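[1] Here's my sequence, what's the structure:
(one chain, ligands or ions: 2)
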Amino acid sequence: MSTVKKKKVKIKKKNFTIFLLCLTLIVFGITKGLIKLTTSPVEKDKEIKPVSKTKSDKEKKLDKLNNIQKKVEYFNFNYLDRYIAYKEKHKDLSDEQIIKNINMNLDKKHYENPTLTKNLNTETILVNKYYNLEKTYVPKNLEPISSTYALANMKLVNYAKEAFESLAQAAKKENLNIVAMSTYRSYDYQVDLYNRYVKEDGKNAADTYSGRPGHSEHQTGLAVDVFNNKETYTNFEKTKEFTWMQNHAHEYGFILRFPKDKVNETGYEYESWHYRYVGKKIAKYIKENNISFEEYYATKIKS
Ligand code: DAL
Ligand code: ZN
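    Ligands and ions are numbered 1, 2, ... in the order given. Modelled structure (predicted):
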C-alpha cells in the first residue's frame, strides 16, 4: 500500500473510534434521562434523603408516659427518669398518678436527703418527711391565742391565730368547745418531745405519729392540736366538736392535716385533732377534692 492510502485508512479508523465513543455517550445519556423521567417523586425523595428522622431519648421517654406532659401542667421535666423508673415498678397506676406520686416524692425514703422547704412565712409552706425547716427558723408574727380558746401560752402566726379564734367562737355559739392544746413548737421543744416518744415507744412507732426535729409542722406556727376540754385529745374523733370541725374547719381556712385515707402521702397516722391553717381558698379546694396538702402542693404549688 502506498503511504497516502495507509494514511487514509488510519484517518477512517480514527473517525470510526470517535463515532463509537460519541454513540456510547449519547446512548448512556438517553438511558439516564429516561430513568430520571420514569422515577416517581417519592422515589426521587428517597434518593435525596435516605435517612429517616429518629426519636431522641427524651421523646422516647415521653412516649412511654403517653405524652402526659401535654395534659398536666405540673409535669416536671427534671423528674423524667424518676417518672419512668416509678412507672416500671407501678404498672397498675395511671400516668397522671405516677406524676403526682413522684412530685410528692413517694419514690424516696422518709428523711433521706430532705430538702429545706421554701415559702417560709406563707400559708403554703410545706413541712413533712421530705421537706424540713432549719433549726433556727421561727415564724414571724407569732401571737398568743385568747385563753378562752386555748391552754396557756399557745401561739400561732397572727393570721392563723385570728382565724382560729373566729372558728372557736363560732363553735362556742353552738355550745361546743374547741380548745387549742398544742400550737407553735420550737425546734428544741420538738427535740425533747420526739426523744421522749422514742424512749417510750421506740423509733419506728414514734415516727408514725411524731415529726422529727425540723420536720414538725408545729414549727411553722400554722398547726394546732385541739380537744374539747373533756375527752383526751386522742378521742377527739368521737366528739361533737370533731363533727363540727369536719363541717366547718375549711370555712376558717383550716384542714384536717393527717386524714385516715392519706397516710401514704402524709407519712403520718391519722390524727383527728391536728389542723393546719392554709387559708380559706386552699382549704375549700382541698376539702372539695378530698386531697392531702401534699397532693395540693405537688400539683398546684411546686413547679
Ligand atoms: N404529730 C405531728 C405529726 C407532728 O409531730 O408534727
Ligand atoms: Zn399536731
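[2] For stretch 285-298, what is the spacing between the initial and final residues?
    End-to-end distance for stretch 285-298: 14 Å, by C-alpha to C-alpha, to the nearest Å.
[3] Give me the contact status of it with ligand 1.
    No: counting by C-beta under 6 Å from any ligand atom, ligand 1 has no neighbours in stretch 285-298; the shortest distance is 12.3 Å. From N, CA and C alone the C-beta is placed, and that goes for glycine too.
[4] How much space separates Pro139 from Ile291?
    Pro139 sits 25 Å away from Ile291, going by C-beta to C-beta, to the nearest Å.
[5] What of Asn158?
    Computed as C-beta to C-beta, the Asn158 to Ile291 distance reads 27 Å.
[6] out of those two, which sits in the more crowded spot?
    Ile291 (20 against 14; other C-beta atoms under 10 Å).
[7] ok, that one - contacts?
    Listed by C-beta atoms under 8 Å, 6 or more residues apart in numbering, the contact set of Ile291 reads Lys262.
[8] Look at the nearest residue to Asn128 once chain neighbours are set aside and report its pLDDT.
    Among residues not flanking Asn128 along the chain, Gly267 sits closest, at 5.9 Å (C-beta to C-beta, 6 or more residues apart in numbering). Looking at Gly267, its pLDDT is 98.
[9] Count the neighbours of Gly267 for me.
    Gly267, neighbours per other C-beta under 10 Å, totals 22.
[10] The residue in the stretch 151-300 of the chain positioned nearest to ligand 2 and Val226: what is the separation?
    Closest approach between the stretch 151-300 of the chain and ligand 2, counting by C-beta to the ion: His274, at 3.6 Å. Distance of His274 to Val226, given as C-beta to C-beta: 8 Å.
[11] And for Thr266?
    18 Å.
[12] between these two, who's got more neighbours?
    Val226 (30 against 21).
[13] and the more buried one, helix, strand or coil?
    strand (DSSP: H, G, I helix; E, B strand; the rest coil).
[14] Would you map the helices across the stretch 1-150 of the chain?
    3-38, 41-48, 57-64, 80-89, 95-103 (DSSP state H, counting those that start in this stretch).
[15] Hmm, I typed the wrong one, I wanted the stretch 201-303 of the chain.
    Counting by DSSP H, counting those that start in this stretch, the helices of the stretch 201-303 of the chain are 203-209, 240-248, 263-266, 280-289, 293-296.
[16] Of these, flag the one that's most buried.
    Among those, helix 293-296 has the highest mean neighbour count (mean count of other C-beta atoms under 10 Å), at a mean of 22.
[17] and that one, what does it pack onto?
    Counting contacts by 3 or more C-beta pairs under 8 Å, 6 or more residues apart in numbering; DSSP states H and E, helix 293-296 is packed against helix 263-266, helix 280-289.
[18] Please list the residues outside it that contact it.
    100, 104, 126, 128, 255, 257, 262, 265-266, 276, 278, 282, 285-286.
[19] Name the single longest strand found in this structure.
    Longest strand of the chain, by residue count under DSSP state E: strand 271-277.
[20] Just want the angle from that strand to helix 280-289.
    Between strand 271-277 and helix 280-289, the angle comes out at 140 degrees (axes from the mean of the first three to the mean of the last three C-alpha atoms, to 10 degrees).
[21] and strand 271-277, how far from the chain's centre?
    23 Å (C-alpha atoms, centre = their mean, to the nearest Å).
[22] Convert the C-alpha atoms of it to PDB, please.
    What follows is strand 271-277, C-alpha atoms only, in PDB (Å, rounded to 0.1, in the frame of the first residue of the first chain):
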ATOM      1  CA  GLU A 271     -54.800  12.400 113.700                       C
ATOM      2  CA  SER A 272     -58.300  13.700 114.200                       C
ATOM      3  CA  TRP A 273     -57.000  16.500 116.400                       C
ATOM      4  CA  HIS A 274     -54.300  18.100 114.200                       C
ATOM      5  CA  TYR A 275     -55.400  21.000 111.900                       C
ATOM      6  CA  ARG A 276     -53.400  23.200 109.700                       C
ATOM      7  CA  TYR A 277     -54.100  26.700 108.500                       C
END
